[in-house]
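Undergrad: Attaching a predicted model along with its sequence, questions to come.
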Amino acid sequence: MTDLRQAAILVAVGYEVRFADPEALLGLRSEVFRLYRSGFAAPPYSETEEEIALFTDERFDRSMATPGAHGFVAWHGETVAGLVYGWPARGEVPGDRGYALVHSCVAPHLHHLLRPPAFEVVELVVDPAHRRRGLGRLLLDRIVEGHATAWLGTHPDAPARRLYESAGWTVIGQCEDGRQQTLILSLSR
(Lines give C-alpha, C1' and ligand atoms only; values in the text may rest on other atoms or scores of the structure.)
Protein backbone atom coordinates (compact mmCIF):
# COMPACT_ATOMS: atom_id res chain seq x y z
CA MET A 1 0.00 0.00 0.00
CA THR A 2 1.41 3.40 -0.93
CA ASP A 3 1.83 6.22 1.57
CA LEU A 4 -0.72 8.23 -0.39
CA ARG A 5 -3.38 5.51 -0.03
CA GLN A 6 -2.54 5.09 3.66
CA ALA A 7 -2.98 8.83 4.19
CA ALA A 8 -6.40 8.67 2.51
CA ILE A 9 -7.43 5.81 4.78
CA LEU A 10 -6.22 7.71 7.81
CA VAL A 11 -8.30 10.74 6.95
CA ALA A 12 -11.32 8.56 6.16
CA VAL A 13 -11.30 6.76 9.50
CA GLY A 14 -10.15 9.68 11.67
CA TYR A 15 -6.80 8.27 12.77
CA GLU A 16 -3.27 9.51 12.28
CA VAL A 17 -0.32 7.14 12.30
CA ARG A 18 3.05 8.61 13.24
CA PHE A 19 6.55 7.15 13.22
CA ALA A 20 8.02 6.74 16.72
CA ASP A 21 11.67 6.24 17.61
CA PRO A 22 12.59 4.69 20.99
CA GLU A 23 12.67 8.09 22.69
CA ALA A 24 9.14 8.87 21.50
CA LEU A 25 7.87 5.43 22.56
CA LEU A 26 9.51 5.78 26.00
CA GLY A 27 7.80 9.16 26.28
CA LEU A 28 4.47 7.37 25.80
CA ARG A 29 5.28 4.84 28.52
CA SER A 30 1.96 5.12 30.38
CA GLU A 31 -0.03 4.76 27.14
CA VAL A 32 2.11 1.82 26.00
CA PHE A 33 1.52 0.08 29.32
CA ARG A 34 -2.23 0.82 29.20
CA LEU A 35 -2.43 -0.70 25.72
CA TYR A 36 -0.29 -3.68 26.68
CA ARG A 37 -2.53 -4.45 29.67
CA SER A 38 -5.69 -4.05 27.55
CA GLY A 39 -4.35 -6.41 24.91
CA PHE A 40 -2.63 -9.07 27.00
CA ALA A 41 -4.47 -9.35 30.32
CA ALA A 42 -7.55 -10.76 28.58
CA PRO A 43 -7.84 -14.18 26.92
CA PRO A 44 -6.28 -15.79 25.04
CA TYR A 45 -3.08 -14.40 26.58
CA SER A 46 -4.43 -14.01 30.13
CA GLU A 47 -1.16 -12.55 31.38
CA THR A 48 -0.96 -12.27 35.14
CA GLU A 49 -0.11 -9.05 36.97
CA GLU A 50 3.38 -10.48 37.47
CA GLU A 51 3.79 -11.08 33.72
CA ILE A 52 2.49 -7.62 32.89
CA ALA A 53 4.91 -6.15 35.44
CA LEU A 54 7.77 -7.95 33.66
CA PHE A 55 6.84 -6.05 30.52
CA THR A 56 6.38 -2.69 32.24
CA ASP A 57 9.38 -3.00 34.56
CA GLU A 58 11.93 -4.67 32.28
CA ARG A 59 11.08 -5.82 28.77
CA PHE A 60 9.87 -2.52 27.36
CA ASP A 61 13.00 -0.57 28.34
CA ARG A 62 15.23 -3.40 27.11
CA SER A 63 13.29 -3.47 23.83
CA MET A 64 13.76 0.25 23.29
CA ALA A 65 17.54 -0.19 23.67
CA THR A 66 17.66 -2.74 20.83
CA PRO A 67 19.55 -1.42 17.78
CA GLY A 68 17.15 -0.26 15.09
CA ALA A 69 14.07 -0.31 17.36
CA HIS A 70 11.25 1.88 16.12
CA GLY A 71 7.50 1.83 15.77
CA PHE A 72 4.33 3.55 14.68
CA VAL A 73 1.62 4.97 16.90
CA ALA A 74 -2.02 5.36 15.85
CA TRP A 75 -3.60 8.49 17.30
CA HIS A 76 -7.31 9.26 17.51
CA GLY A 77 -7.24 12.91 18.45
CA GLU A 78 -5.07 13.01 21.58
CA THR A 79 -5.65 9.33 22.40
CA VAL A 80 -3.23 6.54 21.54
CA ALA A 81 -5.44 3.98 19.83
CA GLY A 82 -2.77 1.47 18.88
CA LEU A 83 0.91 0.89 18.32
CA VAL A 84 3.42 -1.46 16.80
CA TYR A 85 7.16 -1.71 17.22
CA GLY A 86 10.04 -3.92 16.31
CA TRP A 87 13.55 -3.94 14.87
CA PRO A 88 15.67 -5.47 12.13
CA ALA A 89 16.43 -9.13 12.79
CA ARG A 90 19.86 -9.79 14.20
CA GLY A 91 22.49 -11.82 12.39
CA GLU A 92 23.13 -14.08 15.37
CA VAL A 93 20.57 -15.56 17.72
CA PRO A 94 20.66 -13.41 20.87
CA GLY A 95 21.46 -15.30 24.09
CA ASP A 96 17.89 -14.82 25.26
CA ARG A 97 15.65 -17.72 26.30
CA GLY A 98 12.83 -16.46 24.09
CA TYR A 99 14.95 -16.40 20.94
CA ALA A 100 16.36 -19.83 21.70
CA LEU A 101 12.79 -21.13 22.02
CA VAL A 102 11.73 -19.50 18.74
CA HIS A 103 14.67 -21.01 16.87
CA SER A 104 14.01 -24.43 18.37
CA CYS A 105 10.40 -24.29 17.14
CA VAL A 106 11.20 -23.32 13.57
CA ALA A 107 12.69 -25.97 11.28
CA PRO A 108 16.37 -25.28 10.56
CA HIS A 109 15.75 -24.88 6.82
CA LEU A 110 13.46 -21.91 7.67
CA HIS A 111 15.85 -20.12 10.07
CA HIS A 112 16.83 -17.75 7.26
CA LEU A 113 13.33 -16.21 7.63
CA LEU A 114 14.28 -15.12 11.16
CA ARG A 115 17.58 -13.47 10.18
CA PRO A 116 18.58 -10.36 8.19
CA PRO A 117 17.19 -8.88 6.09
CA ALA A 118 14.01 -9.83 8.01
CA PHE A 119 12.23 -7.42 10.32
CA GLU A 120 11.01 -8.62 13.71
CA VAL A 121 7.57 -7.33 14.75
CA VAL A 122 7.76 -7.38 18.55
CA GLU A 123 4.44 -5.92 19.71
CA LEU A 124 1.25 -4.95 17.92
CA VAL A 125 -1.66 -3.86 20.07
CA VAL A 126 -4.84 -1.90 19.37
CA ASP A 127 -7.05 -0.55 22.14
CA PRO A 128 -10.24 -2.68 22.30
CA ALA A 129 -12.33 0.48 21.81
CA HIS A 130 -10.61 1.06 18.44
CA ARG A 131 -10.49 -2.48 17.05
CA ARG A 132 -12.14 -3.71 13.84
CA ARG A 133 -11.43 -0.41 12.06
CA GLY A 134 -8.36 -1.42 10.10
CA LEU A 135 -5.81 0.01 12.54
CA GLY A 136 -4.03 -3.29 13.14
CA ARG A 137 -3.60 -3.82 9.39
CA LEU A 138 -2.45 -0.25 8.88
CA LEU A 139 0.10 -0.45 11.70
CA LEU A 140 1.35 -3.84 10.53
CA ASP A 141 1.71 -2.63 6.95
CA ARG A 142 3.64 0.45 8.05
CA ILE A 143 6.12 -1.41 10.28
CA VAL A 144 7.06 -3.96 7.60
CA GLU A 145 7.03 -1.51 4.70
CA GLY A 146 10.28 -1.76 2.78
CA HIS A 147 11.21 -5.17 4.23
CA ALA A 148 11.20 -8.24 1.98
CA THR A 149 10.68 -10.55 4.96
CA ALA A 150 9.38 -10.17 8.50
CA TRP A 151 8.44 -12.43 11.39
CA LEU A 152 6.45 -12.32 14.61
CA GLY A 153 5.05 -14.54 17.35
CA THR A 154 1.41 -14.71 18.40
CA HIS A 155 -0.95 -16.90 20.37
CA PRO A 156 -2.80 -19.46 18.19
CA ASP A 157 -6.15 -18.04 19.35
CA ALA A 158 -5.21 -14.35 19.11
CA PRO A 159 -7.81 -12.28 17.28
CA ALA A 160 -4.95 -10.77 15.24
CA ARG A 161 -4.11 -14.17 13.76
CA ARG A 162 -6.84 -13.70 11.15
CA LEU A 163 -5.32 -10.32 10.31
CA TYR A 164 -1.85 -11.81 9.87
CA GLU A 165 -3.03 -14.67 7.69
CA SER A 166 -5.23 -12.42 5.54
CA ALA A 167 -2.18 -10.17 5.01
CA GLY A 168 -0.13 -13.11 3.69
CA TRP A 169 1.73 -14.18 6.84
CA THR A 170 2.27 -17.95 7.14
CA VAL A 171 2.91 -20.16 10.14
CA ILE A 172 6.50 -21.44 10.13
CA GLY A 173 6.63 -22.87 13.65
CA GLN A 174 4.77 -23.49 16.88
CA CYS A 175 6.25 -23.26 20.38
CA GLU A 176 5.08 -24.04 23.86
CA ASP A 177 6.88 -22.79 26.94
CA GLY A 178 4.84 -24.71 29.50
CA ARG A 179 2.36 -21.89 30.04
CA GLN A 180 1.21 -20.85 26.61
CA GLN A 181 1.57 -21.65 22.95
CA THR A 182 3.07 -19.31 20.39
CA LEU A 183 2.86 -19.46 16.63
CA ILE A 184 5.78 -18.07 14.67
CA LEU A 185 4.61 -16.42 11.48
CA SER A 186 6.61 -15.08 8.55
CA LEU A 187 5.87 -12.70 5.73
CA SER A 188 7.84 -12.94 2.49
CA ARG A 189 7.22 -10.68 -0.47
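TA: All right, it came through fine.
Undergrad: in this structure, which spans are strands?
TA: 16-20, 70-76, 79-88, 119-126, 149-154, 170-176, 181-188 (DSSP state E).
Undergrad: Including distance to residue 54, could those strands go into JSON lines?
TA: Heads up, the C-betas are built off the backbone N, CA and C, glycines and all. Listed next are the strands of the chain as JSON lines, based on distance: least, Cβ to Cβ, whole Å:
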{"stretch": "strand 16-20", "distance to residue 54": "22"}
{"stretch": "strand 70-76", "distance to residue 54": "20"}
{"stretch": "strand 79-88", "distance to residue 54": "17"}
{"stretch": "strand 119-126", "distance to residue 54": "13"}
{"stretch": "strand 149-154", "distance to residue 54": "16"}
{"stretch": "strand 170-176", "distance to residue 54": "18"}
{"stretch": "strand 181-188", "distance to residue 54": "16"}
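Undergrad: Can you lay out these as a markdown table showing mean pLDDT and distance to residue 139?
TA: Formatted as a markdown table, the strands of the chain follow (pLDDT from 0 to 100; distance: least, Cβ to Cβ, whole Å):
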| stretch | mean pLDDT | distance to residue 139 |
| --- | --- | --- |
| strand 16-20 | 95 | 7 |
| strand 70-76 | 96 | 5 |
| strand 79-88 | 97 | 4 |
| strand 119-126 | 97 | 6 |
| strand 149-154 | 97 | 12 |
| strand 170-176 | 95 | 20 |
| strand 181-188 | 96 | 14 |
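Undergrad: Just put these in a markdown table and tack on mean neighbour count and distance to residue 34.
TA: Shown next, in a markdown table, are these (neighbours: other Cβ atoms under 10 Å; distance: least, Cβ to Cβ, whole Å):
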| stretch | mean neighbour count | distance to residue 34 |
| --- | --- | --- |
| strand 16-20 | 16 | 16 |
| strand 70-76 | 21 | 13 |
| strand 79-88 | 22 | 8 |
| strand 119-126 | 23 | 10 |
| strand 149-154 | 22 | 20 |
| strand 170-176 | 15 | 28 |
| strand 181-188 | 20 | 23 |
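Undergrad: of those, which approaches residue 55 most closely?
TA: Between residue 55 and the strands of the chain, the shortest gap by Cβ to Cβ is with strand 119-126, which sits at 8.8 Å.
Undergrad: and the closest one, what other elements does it pack with?
TA: Using 3 or more Cβ pairs under 8 Å, 6 or more residues apart in numbering; DSSP states H and E, the elements in contact with strand 119-126 are helix 29-40, strand 79-88, helix 135-144, strand 149-154.
Undergrad: relative to strand 170-176, how tilted is the shortest one?
TA: When you say that, I think you mean strand 149-154. Using axes from the mean of the first three to the mean of the last three Cα atoms, to 10 degrees, one finds that strand 149-154 and strand 170-176 are set 40 degrees apart in direction.
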